[in-house]
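K.L.:
Dropping the sequence and predicted coords here.
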Amino acid sequence: MSDLHELTAAQQLRSLRAKEISSRELTGHYLARIDRLDEELAAFITVTGEQALEEAGRADERLARGEQEALLGLPIGIKDLAATKGIRTTFGSAALADFVPGEDAWTVGLLRQAGAVVLGKTNTPEFGSTCYTENEVVPRPSVTPYGTDRYSSGSSGGAATAVAAGLLPVAHGSDGAGSIRTPAATCHLVGVKPSRGLVSSAPASSFFVASTEGPIARTVEDAALLLDVMASPAPGDLYGWSHASSFTAALGLRRRLKIAMWTDTGLDQDVDPEAALAVGRMAQKLIDLGHEVREIPLPARWDEPTRRAIVDWFAYSVGAAVQAMMLTDRTHLLSSYSQQLLTMSDALSASDVVTAQAVLARYASTFLAAVDDYDVVLTPTTNGAPVRIGYYEGDEAERMLRWSCHTPWVNLAGVPAVSIPSHVDDDGLPHGVHLVGRNRRDADLLALAAQLESLAPWDEHHPPCWHR
């Protein structure tokens, strides 16, 4: 079949179990599309074609025996910030271009145990530190298939590009300040940032855990299928907790929700007209579904202490990564931005780091207090369309914040969020909206996203390369 990528991940799994298609056939289909399209899109750092076909063959044998693992035979991509046993893991860095781990990261192990077939490692910026995906390992940046002169955001940019272009049915991502949600928005996809601890972050390197892993998918059902597998705490996880039931089964939940909304960016800039349009349209859909929607003031602005704190925290994180990976004698191979952050990190005192954490904690707490009476918050995912390649040159940190200002507070607060498609503008570029839920109420959030999807299924719209 030449159109296997038209099927959602859920449909592919049903067809695999019914033996209407084989995993080798499905894997070969995606590998052929990667070979044909990825030179332009740069979705992958590493493609494991031969190994993937061998895995698919073993999956077919297990399917023939009637085995029923949740993702058995389904192709998937792993973001290149997660260790994969026997597969090159670069962390987007030329300093680690030849690194092959001896074991899987916890979540990767869960995906493999569920029977997923790993097609390769998706593109990411060095150490995941930027909201665009460009590095010294791959010769060109990851771009949105809706406009190949524009970034697909980051740091899960390669994962989003691959799913949107039909190079993968679903993908693994990670999110430390919006890194699943903003790429989903640029690629007309669903991106889920789970509650802190639902997907394991063990072994923790700090009590201040902002990053988590999650799914990137075309539909809410596909995202829920992946989250069901990823949501299993590791031994020793400081924040680990288990969800009592299936997220997929919970998609049919219906209850009237109280929803707060805002579009204010918290900076001295105008709200992008398309971002405002996206939120306004989605608010009306929520009202039509019977929910209460109320516009409220932005709880906290990006004042100078908060902006300083988040830059210091990113600098500290890059410095910690360099130390943990023992790259101190290879820093000359790091990107100029990473070297800049590393220099800043070296200048930070312990007091500076603790102060940054305290400022960011207060910032997050202000948001949580302001929305305590609400079940969900609605905002834009990004302040505008996907930006052109080269947009960040010259004023990197400031421009990144101005475009991705709506997402970081969620990571600091540890609550769940999902970006869902809103619309495609007159230039053919996607826009998304951002739904934020209460802590550990991930199921409610996914159910709400499924309600909105039922009104206007966004998976009916695809980029130009979809039919190539």
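P.N.:
It's in. Numbers count the residues shown, from 1 in each chain.
K.L.:
tell me the pLDDT at the nearest residue to residue 327 once chain neighbours are set aside?
P.N.:
With sequence-adjacent residues excluded and distances taken as CB to CB, 6 or more residues apart in numbering, residue 327 is closest to residue 95, at 5.1 Å. Glycine gets a C-beta too; all of them are placed from N, C-alpha and C. On pLDDT, residue 95 comes in at 96.
K.L.:
and if you look at residue 326?
P.N.:
pLDDT at residue 326 comes out at 82.
K.L.:
Next, find the distance separating it from residue 99.
P.N.:
The spacing between residue 326 and residue 99, counted by CB to CB, to the nearest Å, is 11 Å.
K.L.:
okay, the two: which has more neighbours?
P.N.:
residue 99 (13 against 8; other CB atoms under 10 Å).
K.L.:
Confirm that the more buried one sits in a helix.
P.N.:
No: according to DSSP: H, G, I helix; E, B strand; the rest coil, residue 99 belongs to no helix; its state is coil.
K.L.:
who touches the closest residue to it other than its chain neighbours in this structure?
P.N.:
Among residues not flanking residue 99 along the chain, residue 89 sits closest, at 5.7 Å (CB to CB, 6+ apart). Contacts of residue 89 were listed using CB atoms under 8 Å, 6 or more residues apart in numbering, and they are 80, 82-83, 96, 99-101, 121.
K.L.:
Residue 176 against residue 211, yeah?
P.N.:
Yes: between residue 176 and residue 211 there is a contact under CB atoms under 8 Å: 3.6 Å.
K.L.:
Identify the contacts common to the two.
P.N.:
The contact sets of residue 176 and residue 211 overlap at 128, 411 (CB under 8 Å, 6+ apart).
K.L.:
Give me the more crowded residue out of these two.
P.N.:
Set side by side, residue 176 and residue 211 show more neighbours around residue 176, with 22 against 17, by other CB under 10 Å.
K.L.:
hang on, the earlier thing: so is the residue nearest to residue 327 in a helix, a strand, or just coil?
P.N.:
Classified using three-state DSSP, residue 95 is helix.
K.L.:
and it, how far is that from residue 342?
P.N.:
11 Å.
K.L.:
With residue 269 instead?
P.N.:
Counting by CB to CB, the gap from residue 269 to residue 342 is 29 Å.
K.L.:
go on, residue 226?
P.N.:
Counting by CB to CB, the gap from residue 226 to residue 342 is 34 Å.
K.L.:
higher neighbour count, those two?
P.N.:
In terms of neighbours (other CB under 10 Å), residue 226 is the more surrounded of residue 226 and residue 342; the figures are 29 against 20.
K.L.:
can I assume the more buried one sits in a helix?
P.N.:
Yes: assessed with three-state DSSP, residue 226 lies in a helix.
K.L.:
Just give me the neighbour total for the closest residue to it other than its chain neighbours.
P.N.:
The spatially closest residue to residue 226, leaving aside those adjacent along the chain, is residue 215, at 3.7 Å (CB to CB, 6+ apart). Other residues within reach of residue 215, judged by other CB under 10 Å, total 32.
K.L.:
show me the contacts for residue 215.
P.N.:
170-173, 180, 190-192, 222-223, 226-227, 230.
K.L.:
that's a helix at it, yeah?
P.N.:
No: under three-state DSSP, residue 215 sits outside any helix and is assigned strand.
K.L.:
got the residue ranges for the helices in the stretch 1-150 of the chain?
P.N.:
Here the stretch 1-150 of the chain has its helices, by DSSP state H, counting those that start in this stretch, at 9-17, 23-41, 49-64, 106-113.
K.L.:
other SSEs contacting the last one?
P.N.:
Helices and strands in packing contact with helix 106-113 are listed as strand 75-79, strand 117-122, strand 170-175, helix 220-230; criterion 3 or more CB pairs under 8 Å, 6 or more residues apart in numbering; DSSP states H and E.
K.L.:
Mind putting the ones you listed into JSON lines with distance to residue 441 and mean pLDDT?
P.N.:
Formatted as JSON lines, the helices and strands packed on helix 106-113 follow (distance: least, CB to CB, whole Å; pLDDT from 0 to 100):
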{"stretch": "strand 75-79", "distance to residue 441": "25", "mean pLDDT": "98"}
{"stretch": "strand 117-122", "distance to residue 441": "29", "mean pLDDT": "98"}
{"stretch": "strand 170-175", "distance to residue 441": "17", "mean pLDDT": "98"}
{"stretch": "helix 220-230", "distance to residue 441": "14", "mean pLDDT": "98"}
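K.L.:
export the ones you listed to CSV and tack on distance to residue 348?
P.N.:
Converted to CSV, the helices and strands packed on helix 106-113 look like this (distance: least, CB to CB, whole Å):
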stretch, distance to residue 348
strand 75-79, 27
strand 117-122, 31
strand 170-175, 24
helix 220-230, 33
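K.L.:
Out of those, which is closest to residue 424?
P.N.:
helix 220-230 (18.5 Å; CB to CB).
K.L.:
Taking helix 106-113 as reference, get the angle to that closest one.
P.N.:
Going by axes from the mean of the first three to the mean of the last three CA atoms, to 10 degrees, helix 220-230 is angled at 110 degrees with respect to helix 106-113.
K.L.:
export helix 220-230 as CSV, just CAs?
P.N.:
Extracted C-alpha coordinates of helix 220-230, given in CSV (Å, rounded to 0.1, in the frame of the first residue of the first chain):
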residue,chain,number,x,y,z
VAL,A,220,-5.5,13.0,20.6
GLU,A,221,-6.1,9.3,20.6
ASP,A,222,-2.7,8.6,19.2
ALA,A,223,-1.1,10.8,21.8
ALA,A,224,-3.1,9.0,24.6
LEU,A,225,-1.9,5.6,23.3
LEU,A,226,1.7,6.7,23.6
LEU,A,227,1.2,8.3,27.0
ASP,A,228,-0.3,5.2,28.3
VAL,A,229,3.0,3.4,27.7
MET,A,230,5.3,6.2,28.8
